[in-house]
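In: return atomic coordinates for the entry below.
(chains A, B, C and D)
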There are 2 protein chains.
Amino acid sequence: MNRPKTRGYHHGDLREALVASGRKLLEEKGVRGFTLRECARRAEVSHAAPAHHFASMDDLLAELAMRGFKELSASMTTESERAGGDGTAQLVGLGVGYMAFAAANPVLFQLMFSREANRLEVAEGASEIRRLQAAAVDAALQSADTQVSGEVRQRMRDFAWATMHGFITLVLEGEIGGRDSSRGLKARGLAALAAMAETVVRSGGR
Amino acid sequence: MNRPKTRGYHHGDLREALVASGRKLLEEKGVRGFTLRECARRAEVSHAAPAHHFASMDDLLAELAMRGFKELSASMTTESERAGGDGTAQLVGLGVGYMAFAAANPVLFQLMFSREANRLEVAEGASEIRRLQAAAVDAALQSADTQVSGEVRQRMRDFAWATMHGFITLVLEGEIGGRDSSRGLKARGLAALAAMAETVVRSGGR
DNA sequence: TTGGCCTCTTTCCATCGTCAAGATTATCGG
DNA sequence: CCGATAATCTTGACGATGGAAAGAGGCCAA
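Out: Model (predicted):
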């Protein structure tokens, strides 16, 4: 696929190689064990080579976080469409995609939502998530014929995001379902999402 | 209170001094900017002195996390009692205490719930939180005369913790209420907690 | 007093991120 | 085709870090 036909002085696509090795390294060693030199080592270049593609280590981490947000969006969209059904089902699907990505990339997920990666580009990635989320909440409200004020609508967006974010975060930390099988955890996650969705669509009735 | 009457060779209470300077440093520089040598510098001892009190840097961080959990428990208990009222109000109060601690110690809070600090002692601190949380959910269910199965009860515990944890986490990251005043954020946090509590106490009625 | 033990310092090492300078290769106008 | 210019990568160095080793200073009980 790629062409390493000549293993010459130039790597060919070092930037992508660093992103790839960096991502693996991140999941293996955690944020604090992450090392620029080890990234370079795995890409088989000298320890100073990355500097020509990323001004600093934080720049590489920011790039990883940014790509993470794109993947997260994709995962949410995919699961939401796969869920089909009404707006409420799609809101739950969005949460499933959210949790699936986080479970598959726990360290990256933590990095994405940590102050360590507070670059502007990363924040833009996060706002895409917010957009998806808000639209799904609005659609769920509409499909349930629930009329709410703008303020309540915003609260329901906060609430829905908080529930799915908090659940998967606590699962990744082992605070929820520490010894449960992955199957049991999925069921509990779905239950939490269902309770969240139900609260959202009922938010007008009181 | 402490006795530095002689600034001699011995510090007197270096362990506590390291914990204190470490905690400040943590909030100032973040988890990745945290440095054992800087801790020692602030405690006015040599850079190798901490080794006699903490085997490694991770040990110091674990100690900070452990103490953080104790403070978190205290904050939750205080706010819960201050809330008074029925079980539901106390559950909301617990969440207020949770959020208040996290807002006052954002970096420490993040450390406590990160895989970086996955020591046994720290996990025990977290289980105390779980205990408080579970009891409050059960009390809220009881005070609302809501009868639920053990499974649903467990789900409501997960759900309640996830909501309050996710909300404050997203607030600390600026994902929720990025430009709002602290006052507006408090209102939104209370609204999220209220929605959570309402869902919990209604969990039997369907 | 004296010997042992705890505390802290000094010194050293491997590793890290980053910078500067040089070597190598690609690109492109002539 | 060729040579200059830019892009890419290497080498070497610097200061800072976490940790280990060894020694100096102070405390306390016998």
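In: from now on I want contacts and neighbour counts done on CA atoms only, so please keep to that.
Out: Will do.
In: chain A: helices as residue ranges?
Out: With helices called from DSSP state H, chain A shows them at A:14-33, A:36-42, A:57-83, A:87-104, A:106-112, A:120-143, A:150-172, A:182-201.
In: nearest to DNA strand D among those helices would be which one?
Out: Nearest of these to DNA strand D, taken as C-alpha to the nearest atom of the strand: helix A:14-33 at 4.8 Å.
In: how about the closest one and DNA strand C, any contact?
Out: No. Interface with DNA strand C: helix A:14-33 contributes nothing (C-alpha under 7 Å from any atom of the strand), its closest point being 8.5 Å away.
In: got a list of contacts for that helix?
Out: A:34, A:39-40, A:42-43, A:50, A:53, A:60, A:63-64, A:105-108, A:111, B:32, B:116 (C-alpha atoms under 8 Å, 6 or more residues apart in numbering or on different chains).
In: so which bits of that helix are buried?
Out: Neighbour counts over helix A:14-33 (16 or more other C-alpha atoms under 10 Å in any protein chain shown) mark A:14-15, A:17-27, A:30-31 as buried.
In: can you list the domain ranges for chain A.
Out: A:14-52, A:66-203 (automatic domain parsing).
In: give the rounded mean pLDDT of the first one.
Out: So that's domain A:14-52. Averaged over domain A:14-52, pLDDT sits at 97.
In: can you pull the contacts of the closest residue in space to A:Glu128 that isn't next to it in sequence?
Out: Once flanking residues are discounted, A:Glu128 sits nearest to A:Ser73: 7.3 Å by C-alpha to C-alpha, 6 or more residues apart in numbering or on different chains. Residues in contact with A:Ser73 (C-alpha under 8 Å, 6+ apart) are A:Glu128, A:Ile129, A:Leu132.
In: so which of these wins on neighbours?
Out: The residue in these with the most neighbours, by other C-alpha atoms under 10 Å in any protein chain shown, is A:Ile129 (22 neighbours).
In: not counting its neighbours along the chain, what's nearest it?
Out: A:Ser73 (6.1 Å).
In: swap in A:Arg188?
Out: B:Arg155 is the one closest to A:Arg188 (C-alpha to C-alpha, 6+ apart), at 6.5 Å.
In: which of the domains of chain A sits most buried?
Out: Neighbour counts (mean count of other C-alpha atoms under 10 Å in any protein chain shown) averaged over each of the domains of chain A peak at domain A:66-203, with a mean of 20.
In: show me where pLDDT drops low in chain A?
Out: For chain A, the stretches flagged by pLDDT under 70 are A:1-8, A:205-206.
In: residues of chain A that sit close to DNA strand C?
Out: A:8-10, A:34-38, A:47-48, A:55-58.
In: can you rerun that using 6 Å?
Out: A:Gly8, A:Tyr9, A:His10, A:Thr35, A:Leu36, A:Arg37, A:Glu38, A:His47, A:Ala48, A:Ser56, A:Met57 (C-alpha under 6 Å from any atom of the strand).
In: turn these into JSON lines, columns for distance to chain B.
Out: Below are those laid out as JSON lines (distance: C-alpha to the nearest C-alpha, whole Å):
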{"residue": "A:Gly8", "distance to chain B": "36"}
{"residue": "A:Tyr9", "distance to chain B": "34"}
{"residue": "A:His10", "distance to chain B": "33"}
{"residue": "A:Thr35", "distance to chain B": "12"}
{"residue": "A:Leu36", "distance to chain B": "14"}
{"residue": "A:Arg37", "distance to chain B": "17"}
{"residue": "A:Glu38", "distance to chain B": "17"}
{"residue": "A:His47", "distance to chain B": "21"}
{"residue": "A:Ala48", "distance to chain B": "21"}
{"residue": "A:Ser56", "distance to chain B": "14"}
{"residue": "A:Met57", "distance to chain B": "12"}
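In: now distance to DNA strand D too, for the domains of chain A, in JSON lines please.
Out: Formatted as JSON lines, the domains of chain A follow (distance: least, C-alpha to the nearest atom of the strand, whole Å):
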{"stretch": "domain A:14-52", "distance to DNA strand D": "3"}
{"stretch": "domain A:66-203", "distance to DNA strand D": "17"}
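In: of all those domains, which one is nearest B:Phe159?
Out: domain A:66-203 (5.5 Å; C-alpha to C-alpha).
In: please report how far the residue nearest the centre of chain A lies from DNA strand C.
Out: Nearest to the mean C-alpha position of chain A, by C-alpha atoms, centre = their mean, lies A:Leu72 at 4.1 Å. For A:Leu72, the distance to DNA strand C equals 26 Å [C-alpha to the nearest atom of the strand, to the nearest Å].
In: try A:Arg188
Out: To DNA strand C, A:Arg188 is 38 Å away according to C-alpha to the nearest atom of the strand.
In: surely that residue is in contact with B:Met156?
Out: No. Applying C-alpha atoms under 8 Å, one finds A:Arg188 not in contact with B:Met156, separated by 9.8 Å.
In: mind listing what A:Gly166 touches?
Out: B:Trp161, B:Ala162, B:Thr163, B:Met164, B:His165, B:Gly166, B:Phe167, B:Thr169.
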